[in-house]
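In: Just the structure for this:
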Amino acid sequence: MPGMYHQGNRRLQKLFDSERLADRIEEKLVQTELDEIDKALIERQFMFFIATVDGDGQPSCSFKGGAPGFVRVLNPTTIAFPDYNGNGMYLTLGNIDVHASVGLLFIDFEKQTRLRVNGEATIDLNDPLMPEFSGARLMVRVRVGEAFPNCPRYIPKMKVEEPSRFIPKPNEQAPIPEWKQSDWACDVLPADDPANES
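Out: Next up, the predicted model:
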């Protein structure tokens, strides 16, 4: 099975004499399954970042947010999270639809630790988890290929002062973002967008 490093990684590792260190990290820290520590870190987050690529190999990185627990570790090799109402561009989900490879970055700013998860994602409008997530439009599942911690030394220590007021809650209509009521957007919203009723 090929290792995780390609020619570009190896060239720079050789240039800066970090090839042995990189090999040790791959040997000792990179896993194909999530453990209980990983699960706890992932499920307590308000947010994460996800990188995708389109059909032409062009990258895109997005922020995803929700209440703690909105990303679930279903088993050691599967993560799931909902997609909520957004800006309608579907850059991340559209990319997943044509190219399943994803990279997820979870950062715990309070504990100053982080975890990378690389894998293959799928989207499902009828996922059985849908009823468990108020406001979910579909679910994304990620099959874990690699999971590993990253050096935390440059992570700033921060606390969440207030969760986003837009996080969907059971039996409650989320507030309408101001941009959806602006002149440039209000006449082109999808027919079922809640902003049309305001």
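In: tell me, what residue is most central in this structure?
Out: Centroid check for the chain by Cα atoms, centre = their mean gives Ile50 as the closest residue, at 3.9 Å.
In: host element of it?
Out: Here Ile50, judged by DSSP states H and E, is contained in strand 47-53.
In: thinking again about what came up before, okay but the residue nearest to the centre of the chain is in contact with Gly103, surely?
Out: Yes - using Cβ atoms under 8 Å, Ile50 is in contact with Gly103, at 7.1 Å. In short, each C-beta sits where N, CA and C put it, glycine included.
In: Next, the contact list for the nearest residue to Met4 once chain neighbours are set aside, please.
Out: Distance criterion Cβ to Cβ, 6 or more residues apart in numbering; nearest residue to Met4, sequence neighbours excluded, is Glu26 at 5.5 Å. For Glu26, the contact set (Cβ atoms under 8 Å, 6 or more residues apart in numbering) comprises Gly3, Met4, Tyr5.
In: Just to be sure, Glu26 is in a helix?
Out: Yes - membership of Glu26 in a helix is supported by DSSP: H, G, I helix; E, B strand; the rest coil.
In: Relative to Leu93, how far out is it?
Out: Glu26 is 30 Å from Leu93, where distance means Cβ to Cβ, to the nearest Å.
In: which neighbours does the strand holding Ile50 have in its sheet, and in what orientation?
Out: Counting by DSSP bridges, the strands paired with strand 47-53 are strand 59-65 (antiparallel), strand 101-108 (antiparallel).
In: contacts for that strand?
Out: 42, 59-66, 71, 91-92, 95-96, 99, 101-107, 121.
In: Now, of those residues, which are buried?
Out: 42, 64, 66, 71, 92, 95-96, 99, 102-107, 121 (16 or more other Cβ atoms under 10 Å).
In: what secondary structure does Ala195 sit in?
Out: helix.
In: Let me know the pLDDT of the nearest residue to it once chain neighbours are set aside.
Out: Excluding the flanking residues, the one nearest Ala195 by Cβ to Cβ, 6+ apart is Lys180, at 3.9 Å. pLDDT recorded at Lys180 is 92.
In: related to what we said a few turns ago, the residue nearest to the centre of the chain bridge partners, please.
Out: Beta-bridge partners for Ile50, by DSSP bridges, are Ser62, Leu104.
In: these two touch, right, Glu33 and Thr78?
Out: No - checked against Cβ under 8 Å, the pair Glu33 and Thr78 is beyond contact range at 9.9 Å.
In: Show me which of these two is the more surrounded one.
Out: Between Glu33 and Thr78, counted using other Cβ atoms under 10 Å, Thr78 has the larger neighbour count: 15 against 11.
In: Could you look up the SS state of the nearest residue to Tyr84 once chain neighbours are set aside?
Out: Nearest residue to Tyr84 in three dimensions, chain neighbours excluded: Gly135, at 5.2 Å (Cβ to Cβ, 6+ apart). Here Gly135 is coil, with the state taken from three-state DSSP.
In: in terms of contact, does Gly135 touch Ala174 like I think?
Out: Yes - under the criterion of Cβ under 8 Å, Gly135 makes contact with Ala174 at 6.6 Å.
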